[in-house]
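Undergrad: Test case, fold it:
(2 chains)
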Amino acid sequence: MPAFRAPRGTRDILPAEGPAWARLAAIAADLARRYGYAPIETPLFELTAIFERGLGEGTDVVEKELFRLETRGDEVSALRPENTAGIVRAYLEHGMQTWHQPVRLSTIGSMFRYDRPQAGRYRQFHQWDAEAIGDPGPAIDAELVELNARFYAEVGLTEVRARLNSIGDPACRPGYVAELTAFYRRREALIPEGDRRRVATNPLRLLDSKEEALVALNADAPRIVERLCATCAEHFAAVRVHLDALGIAYELEPRLVRGLDYYTRTAWEFYRAGAEGQQQALGGGGRYDGLAELLGGRPTPGIGFAIGLERVILALEAQESPHARPPSPGPAAVVVGADPDDTATRLRIATELRAAGLSVRADLGRRRLGRQLEGAAREGAHFAVIVGDELAAGNVLVRDLEAGTQRTVPLGGLARHIARGEAQHRHGVAAEE
RNA sequence: GUGGCCUUAGCUCAAUCGGCAGAGCAUCGGAUUGUGGCUCCGAAGGUUACGGGUUCGAGACCCGUAGGCCACCCCA
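TA: Alright, predicted model coming up:
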């Protein structure tokens, strides 16, 4: 057993998983480009106060999941548990209110939550985020929900469902929360002991509990959608009209509240149908019209979503999708040599081929030719360039590892020869598909 | 933070009742001094997660710790 292992709740992404990750990142980047969401990168850590104020002191994420950093200075920082607060901070800091509104931003990166790990839940995980700041909606709400759904579709996930709710705004939510608190107070005896303190601290959280007693209780709980103020109700209705126009299917879920305090009005969540385990949330988002103000800026509407990439890969695996493990592409050629001492020539020829734009590996070991060819074939190379006695006449052998054919090629025409063979090969693969 | 199950070679797993720690795959070498995926031969690889206890003797039994998985809490 090695002395060191990856820290609890973290994992190494090994080369075999590389293509799957690269594919998700490419799809996200392409969607961001097509939808006009400009790239942004914010720091992996922020002042702790940004999370405390933005997400809410009473949330689990802040209360027990924050990775607080011990530093030499007096600044108190924490690794980001999500990216929205940081992006809104950047929006305010860089005066993006003066840009053409709304500002559409997208990013992909690591998030950190000190949580108990289990399948699909890690202490360091990856999210794709898209945010639109500065548009009070409702059309933009539909744009984000549709973009969120589009990602799953393009990635190859089927059986994805959406849940939708509106959780009101400062005009109507306090009244609803009061009503909900009273509802739970009257039934305190039925609430599991561990949850009772939430009646006072965070009654909304009791709503989406999966505990049996609460699920039964919640069937009769007042529903926020029925208590929305006129403007919130109007907004929600308009979002639904837009979603219907886009053909986006969803279920109304009156118990969906989302975990963070900054959400207002529209909230949604995507999950994998048929996943009985709990780690089935694939992503979700919502409107956060109060967040900018909480971070000390002018009131600015905003809306966005985050997709958990580990969850998406897990769902692809569960669905036995070939996209869960796309094959690693082999090099166009591997340069092998008959003379174990002459690694210099192998290296030089490989360098020339790479300069011509080809993907080439040189076998720099001292193994005999047969082993070198075996290695080349196994990593999926199309050609082996064999350096041997022919070199004296300025030639090498080019072996087609799939066809098993071989011909003598002058060094001067080597790059062209392999490039042409690669193009034909790609064409052949494309024709098969 | 709470509870349940689990941990033997790089990977997947054996090891009878408590009695010499093994196999397949992978790695490296050879059969083949210049030709691959097959075959054959061989080598290397272990503090049986870690620490303690019981025993003549522990991979196995007991206690603790760490880690993994699962369920809660919560979330992506």
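
Undergrad: For the residue nearest to A:Ser359 when sequence neighbours are not counted, the count of nearby residues, please.
TA: Spatial nearest neighbour of A:Ser359, excluding adjacent residues (C-beta to C-beta, 6 or more residues apart in numbering): A:Pro331 at 4.5 Å. Quick note: C-beta positions are derived from backbone N, CA and C, even for glycine. Using other C-beta atoms under 10 Å, A:Pro331 is surrounded by 21 other residues.

Undergrad: next one: phi and psi at A:Ala38?
TA: When read as degrees, to the nearest 10, the backbone of A:Ala38 gives phi -80, psi 150.

Undergrad: hey, what's the closest residue to A:Thr84 other than its chain neighbours bridged with?
TA: Closest residue in space to A:Thr84, ignoring its immediate chain neighbours: A:Gly304 at 5.7 Å, by C-beta to C-beta, 6+ apart. Beta-bridge pairing of A:Gly304 under DSSP bridges involves A:Glu131, A:Gly286.

Undergrad: wait, what's in contact with A:Leu206?
TA: Residues counted as contacts of A:Leu206 (C-beta atoms under 8 Å, 6 or more residues apart in numbering) are A:184, A:191, A:195, A:198-199, A:214, A:218.

Undergrad: Mind checking which of these land in helices?
TA: Using DSSP state H, the subset of the contacts of A:Leu206 located in helices is A:184, A:198-199, A:214, A:218.

Undergrad: Report whether the residue nearest to A:Ser359 is found in a strand, as I expect.
TA: No. With DSSP: H, G, I helix; E, B strand; the rest coil as the criterion, A:Pro331 is coil rather than part of a strand.

Undergrad: just checking, it touches A:Ala362?
TA: No. Contact criterion C-beta atoms under 8 Å: A:Pro331 and A:Ala362 do not qualify, at 9.8 Å.

Undergrad: you'd agree A:Arg416 is in a helix?
TA: Yes. A:Arg416 sits within a helix when classified using three-state DSSP.

Undergrad: A:Val62 sits in which helix or strand?
TA: Taking DSSP states H and E as the criterion, A:Val62 maps to helix A:60-64.

Undergrad: Which strands and helices lie in contact with the helix or strand just after that helix?
TA: Next along the chain after helix A:60-64, taking DSSP H and E as the criterion, comes strand A:77-79. When contacts are defined as 3 or more C-beta pairs under 8 Å, 6 or more residues apart in numbering; DSSP states H and E, strand A:77-79 packs onto strand A:45-47, helix A:48-55.

Undergrad: Which SSE is immediately downstream of strand A:77-79?
TA: Heading C-terminal from strand A:77-79, the first helix or strand you meet, by DSSP H and E, is helix A:84-93.
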